[in-house]
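Q: What follows is a predicted protein model with its sequence.
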Amino acid sequence: MEENQSPYYAEFVYEKRAEGKLRLAKHLLVFGYVLFALLYFLFCYLTRLIPLFAIYPILAWMLVFFTWRYVRFDVYYAFNHGEMDFGKVKVSKRAKRRSSCLKVSVKDAILIAPYAEVAASEEYASVRRVYDFSSHSSSPTRLGMIIPSARGRALVIFESSPAADKLIRLYCKNTSGI
């Protein structure tokens, strides 16, 4: 049986919306593109290299191609036999490249619940690090998972699917409201 046909496997991929730092990074990149255009045209004009104006579209395309992928990406998690693998999917013209950011054992989770319940719990006060793998901050299927880490407790925020909800309840005893 292949891994993705297993009843103990679930995978979910969704687009990360621009909020907070990601929105700021997008705005700064657009500002940088405009600033680059102005400086390039000013340089060409002052040095009397007017024919180099024709090269700007190619330079701008290269700049956007190599920088925009860092602010537009998809987020995924794969649940496989009690292990959750969180990461980013960067899409290029030719292929999708996955980069794993965090692996978590669901059995070790201190609490898994909807994010509003986790934020109101006693365990939330001791959280030192937050990993946000949700698509946006007002999603109704947003779950929070408090896990132990080397530097204290960490909070993992992610979107939930019905298949993953069943598997989380199967592997973790500390669930509520799922």
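A: Cool, the structure landed.
Q: who's in contact with Glu83?
A: Lys103, Val104, Ser105, Val106 (Cβ atoms under 8 Å, 6 or more residues apart in numbering). For every residue, glycine as well, the C-beta is placed using N, CA and C.
Q: One more pass at 6 Å, please.
A: By Cβ atoms under 6 Å, 6 or more residues apart in numbering, the contact list for Glu83 reads Ser105.
Q: Tell me the bridge partners for it.
A: Asn80, Ser105 (DSSP bridges).
Q: That one and Val89, how far apart?
A: Distance from Glu83 to Val89, counting by Cβ to Cβ, to the nearest Å: 18 Å.
Q: Can you read off the pLDDT for the nearest residue to His136 once chain neighbours are set aside?
A: Spatially, and ignoring its direct neighbours in sequence, His136 is nearest to Arg17 (4.2 Å; Cβ to Cβ, 6 or more residues apart in numbering). Listed pLDDT for Arg17 reads 77.
Q: Got the domain ranges for this structure?
A: 3-16+73-171, 21-70 (automatic domain parsing).
Q: Distance from the chain centre to the first one, please.
A: What it means is domain 3-16+73-171. 10 Å (Cα atoms, centre = their mean, to the nearest Å).
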